[in-house]
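Novice: How does the following fold in three dimensions:
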Amino acid sequence: MNVLPTNPAARAAVRQGVSVSVATGLYGISFGALSVAAGVGLGPTMALSLLLFSGGSQFALVGVIGAAGTPVAAVATATLLGLRNTLYGAVVSPLLEVRGWRRLAAAHLTIDESTAVAVAQPERTASRIGFWVTGVGVFVLWNTFVLLGALAGDALGDPRAWGLDAAAAAAFLALVWPRLAPRRAQLVAGLAVMATAALIPFVPPGIPVLAAAAVAVVVGLVTPTAVPEPDSEPESESEKESVR
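Specialist: This next block holds a predicted model:
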């Protein structure tokens, strides 16, 4: 039985969400193995993935611990890097329009991948479906593979030798690339890359990401443009209920 939506845009969103979830989830093996190798126990490693659920912040925290940094420095670095999710929330909130417990769930699932899939869709319904499929898919697969990586530990060797460090980044780039056609988007991307590359050797993890986001904000303030609504036609009430 075919369980995919009949709407072509929604079907495409589901396929994108599943593929990104698999690529990102597999990279969880790397975090699980590295976390255990850094001296973080199995329980704290899983708590980080289940409760923090922000890959960049998790790697930053474990990296500081592995480098014999203080707990305060580890938490501060992870928090700094996690601030980018606040910016993502401002982007996806108007698309989802959820309330109550769904809003809390959406906040927890607002990550790089779910945001990228949501904003890449041409219709609001597809954006919502893409967000939830990606968010839930990444959450389930990421935590599953983090557990496997933590249990396997050193038996896996260096996770980068398996190419897992590039899988999630490649999937994310594939989503972002088609949206770089406008000159304004290319300008933002180019300036963000230069700002990030210039700061990486000199500042703690997290700051280059925030600097890249600041570049986008500055460009948006200097060259404001109207952003069209994702949908050209209003949704029916049945469509609204199906995605809530």
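Novice: May I ask which helix or strand of this structure has the lowest mean pLDDT?
Specialist: The weakest-scoring helix or strand in the chain, judged by mean pLDDT, DSSP states H and E, is helix 237-242 (a mean of 46).
Novice: Chain neighbours aside, what residue packs nearest to Thr134?
Specialist: Nearest residue to Thr134, sequence neighbours excluded (Cβ to Cβ, 6 or more residues apart in numbering): Gly17, at 3.9 Å. For glycine as for every other residue, the C-beta is placed from the backbone atoms N, C-alpha and C.
Novice: now Ala12
Specialist: Per Cβ to Cβ, 6+ apart, closest to Ala12 is Ala126, 7.0 Å.
Novice: need the contact list for the residue nearest in space to the middle of the chain.
Specialist: What sits nearest the mean C-alpha location of the chain, by Cα atoms, centre = their mean, is Asp112, with 1.9 Å. By Cβ atoms under 8 Å, 6 or more residues apart in numbering, the contact set of Asp112 is 55-56, 84, 88, 172.
Novice: Looking at the residues you listed, which one is closest to Ala13?
Specialist: Using Cβ to Cβ, Phe172 comes nearest to Ala13 of those, at 15.7 Å.
Novice: hang on, the earlier thing: checking the residue nearest to Ala12 next. Helix, strand or coil?
Specialist: Taken by DSSP: H, G, I helix; E, B strand; the rest coil, the conformation at Ala126 corresponds to helix.
Novice: what's the neighbour count on it?
Specialist: Counted with other Cβ atoms under 10 Å, the neighbours of Ala126 add up to 27.
Novice: rewinding a little: of the contacts of Asp112, which belong to helices?
Specialist: 55-56, 84, 88, 172 (DSSP state H).
Novice: Mind putting these into TSV with neighbour count?
Specialist: Shown next, in TSV, are those (neighbours: other Cβ atoms under 10 Å):
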residue	neighbour count
Gly55	22
Gly56	17
Arg84	20
Tyr88	19
Phe172	17
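Novice: got JSON lines for the residues you listed, with distance to Asn7 and pLDDT too?
Specialist: Listed next are these as JSON lines, based on distance: Cβ to Cβ, whole Å; pLDDT from 0 to 100:
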{"residue": "Gly55", "distance to Asn7": "30", "pLDDT": "82"}
{"residue": "Gly56", "distance to Asn7": "32", "pLDDT": "79"}
{"residue": "Arg84", "distance to Asn7": "31", "pLDDT": "80"}
{"residue": "Tyr88", "distance to Asn7": "25", "pLDDT": "88"}
{"residue": "Phe172", "distance to Asn7": "24", "pLDDT": "54"}
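Novice: Kindly reformat these as CSV containing distance to Gly137.
Specialist: Formatted as CSV, those follow (distance: Cβ to Cβ, whole Å):
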residue, distance to Gly137
Gly55, 14
Gly56, 18
Arg84, 20
Tyr88, 17
Phe172, 14
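Novice: And the residue nearest to Ala12, how far from Ala9?
Specialist: The spacing between Ala126 and Ala9, counted by Cβ to Cβ, to the nearest Å, is 4 Å.
Novice: what's Ile207 in contact with, if anything?
Specialist: 80, 199.
Novice: Burial check on the spatially closest residue to Ala192 that is not a sequence neighbour, number of neighbours?
Specialist: Once flanking residues are discounted, Ala192 sits nearest to Ala212: 3.8 Å by Cβ to Cβ, 6+ apart. Other residues near Ala212 number 20, with proximity taken as other Cβ under 10 Å.
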